[in-house]
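Chemist: take a look and give me a structure for this.
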Amino acid sequence: PKPFYAQQQDPTTLNGGSVLAMAGDGCVALAVDMRFGSGLQMVNVMSRHVLRPHPNVMVAFTGLEGDVLSLKQALHAQVESKIRRSVLNSAKRKISPRTLASLTSHILYNRRQSPYFVEPLVVGLEPEPCQDGSLTYKPFLCACDVIGAQSKSGEFVCAGVASKSLYGTAEAAWRPGLKREELAQVCGKAFLAALERDSLSGYGAKLYVISSDRTIEIDLACRDD
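Modeler: Next up, the predicted model:
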């Protein structure tokens, strides 16, 4: 892990916080912590910012709080603009996770000279047509760095100050074919195990489990020290 003076100089870790997303069998889980600080100093306990254009896709943000708010507002404005244009063209469609990831990367890359110090995760269910005309939903996980470079995975993605611990706990806990209830347990346990190894994350967490028919929100209890 980075020494404290390095974390103080890194805008992406100054306010703390971590996020983790995992893929299951036709479902996706997203865990976010609730600590907002300034270095080692606690400032507030609140849910981390999450953008949800529609029930099957979510964007979680971690990084410098002011840049998080700016990116969230810019992304929300772009999504609303695309939805209005589709309505005017009589082809109202929901934005897919893959399209939202590309839009997020585009906004970040356009600010590469003066970047947003934010590392977002775009997660959701990507609709795929079947031969009989029906739709199946495939998990989509994508992490972006501060200039919009994408890292996609079919297993899990994470970001934030506890990312090194999250990679270890998630890799040890994840397995293919997890059903919705199993995915919630595995993602929640892996997330809390990593938070206990990082002093700049934690103070409660929320877990979102996205499936084709509904989204479940679960409060996770964790250490507050």
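Chemist: when you work out contacts or count neighbours from here on, use the C-alpha atoms and nothing else.
Modeler: OK.
Chemist: centroid-wise, who is the farthest residue in the chain?
Modeler: If you look at how far each residue of the chain sits from its centre, by CA atoms, centre = their mean, the farthest one is D132, at 32.8 Å.
Chemist: is that one located within a strand, as I assumed?
Modeler: No: remark: D132 does not belong to a strand; assigned using DSSP: H, G, I helix; E, B strand; the rest coil, it is coil.
Chemist: pLDDT weak spots in this protein?
Modeler: 1-9, 86-92, 223-225 (pLDDT under 70).
Chemist: what about the helices in it?
Modeler: Listed in chain order, the helices of the chain (DSSP state H) span 4-9, 11-14, 65-88, 97-110, 163-173, 180-195.
Chemist: got a list of contacts for the shortest one?
Modeler: Contact with helix 11-14 is made by 7-8, 37-39, 62-64, 117-119, 160-161, as judged by CA atoms under 8 Å, 6 or more residues apart in numbering.
Chemist: before we move on, the earlier item: in CSV, list the helices of the chain along with distance to M22 and mean neighbour count.
Modeler: Listed next are those as CSV, based on distance: least, CA to CA, whole Å; neighbours: other CA atoms under 10 Å:
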stretch, distance to M22, mean neighbour count
helix 4-9, 26, 13
helix 11-14, 22, 22
helix 65-88, 22, 15
helix 97-110, 14, 19
helix 163-173, 8, 17
helix 180-195, 7, 21
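Chemist: indicate which one of these is closest to Q150.
Modeler: With CA to CA as the criterion, Q150 lies closest to helix 97-110 of the helices of the chain, at 7.2 Å.
Chemist: that closest one vs helix 65-88, what angle?
Modeler: Using axes from the mean of the first three to the mean of the last three CA atoms, to 10 degrees, the inter-axis angle of helix 97-110 relative to helix 65-88 is 130 degrees.
Chemist: which other helices and strands does helix 97-110 contact?
Modeler: helix 65-88, strand 121-129, strand 135-144 (3 or more CA pairs under 8 Å, 6 or more residues apart in numbering; DSSP states H and E).
Chemist: ok, residues contacting that helix?
Modeler: 56-58, 71, 74-75, 115-116, 122-126, 140, 142, 144, 146-150.
Chemist: now do it against strand 121-129, angle only.
Modeler: 140 degrees.
Chemist: oh, and call the first residue 568 from now on, that's how I've got it
Modeler: Got it, first residue is 568 now, which makes that one helix 664-677.
Chemist: how close does C789 get to R764?
Modeler: 12 Å (CA to CA, to the nearest Å).
Chemist: do the same with A644
Modeler: 37 Å.
Chemist: sorry, back to before: and the buried ones among the contacts of helix 664-677, selectable in ChimeraX?
Modeler: A single ChimeraX command selects the buried members of the contacts of helix 664-677 (16 or more other CA atoms under 10 Å):
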select :623,624,625,638,642,683,689,690,691,692,693,707,709,711,713,714,715,717
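Chemist: correct me, but L745 touches D592?
Modeler: Yes: L745 lies in contact with D592 (CA atoms under 8 Å); the separation is 5.4 Å.
Chemist: between those two, who's got more neighbours?
Modeler: Neighbours were counted for L745 and for D592 using other CA atoms under 10 Å; L745 has more, 19 against 16.
Chemist: list the residues that contact the more buried one.
Modeler: Here L745 is in contact with 590-592 (CA under 8 Å, 6+ apart).
Chemist: go through those residues and say which is closest to E738.
Modeler: Nearest member of the contacts of L745 to E738, counting by CA to CA, is A590, at 12.1 Å.
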